[in-house]
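Peer 1: need coordinates for the following:
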Amino acid sequence: MMKNNYTYEVGDIVTMKKPHPCGSKEWEILRVGADFRLKCVGCGHQIMITRKLVEKNTKDLKKKA
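Peer 2: Numbers count the residues shown, from 1 in each chain. Below is the predicted model of the structure:
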């Protein structure tokens, strides 16, 4: 299994494999650490999620402008 070597930073947009119930697959990173705080780009819902889950489910990473 390939390990993606993304460097996660606050402000980056992560594209996940599965969509949020609102239909968006994109999440903005608000906090980085052992847990991430992510904000759904579609509806603004915020979640706390473990780093392991974020790394496993990341499909793409867009750096902040």
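
Peer 1: burial count for K39?
Peer 2: K39 has 17 neighbours, counted by other CB atoms under 10 Å. For glycine as for every other residue, the C-beta is placed from the backbone atoms N, C-alpha and C.

Peer 1: sorry, slip of the keys, the one I care about is F36.
Peer 2: Neighbour number of F36 under other CB under 10 Å is 21.

Peer 1: ok, residues contacting the helix or strand harbouring it?
Peer 2: For F36, the element it lies in under DSSP states H and E is strand 35-40. By CB atoms under 8 Å, 6 or more residues apart in numbering, the surrounding residues in contact with strand 35-40 are 8, 14, 20, 22, 24, 26-31, 45-51, 54.

Peer 1: how about a cut-off of 7 Å?
Peer 2: Strand 35-40 has contacts (CB atoms under 7 Å, 6 or more residues apart in numbering) with 20, 22, 24, 27-31, 46-51, 54.

Peer 1: ok, that strand: who's next to it in the sheet?
Peer 2: strand 26-31 (antiparallel), strand 46-50 (antiparallel) (DSSP bridges).

Peer 1: any idea how far the residue nearest to the spatial centre of the chain is from K52?
Peer 2: Centroid-nearest residue in the chain: V14, 3.9 Å away (criterion: CA atoms, centre = their mean). For V14, the distance to K52 (CB to CB, to the nearest Å) stands at 14 Å.

Peer 1: leaving out sequence neighbours, find the closest residue to the residue nearest to the centre of the chain.
Peer 2: Nearest residue to V14, sequence neighbours excluded (CB to CB, 6 or more residues apart in numbering): W27, at 4.9 Å.
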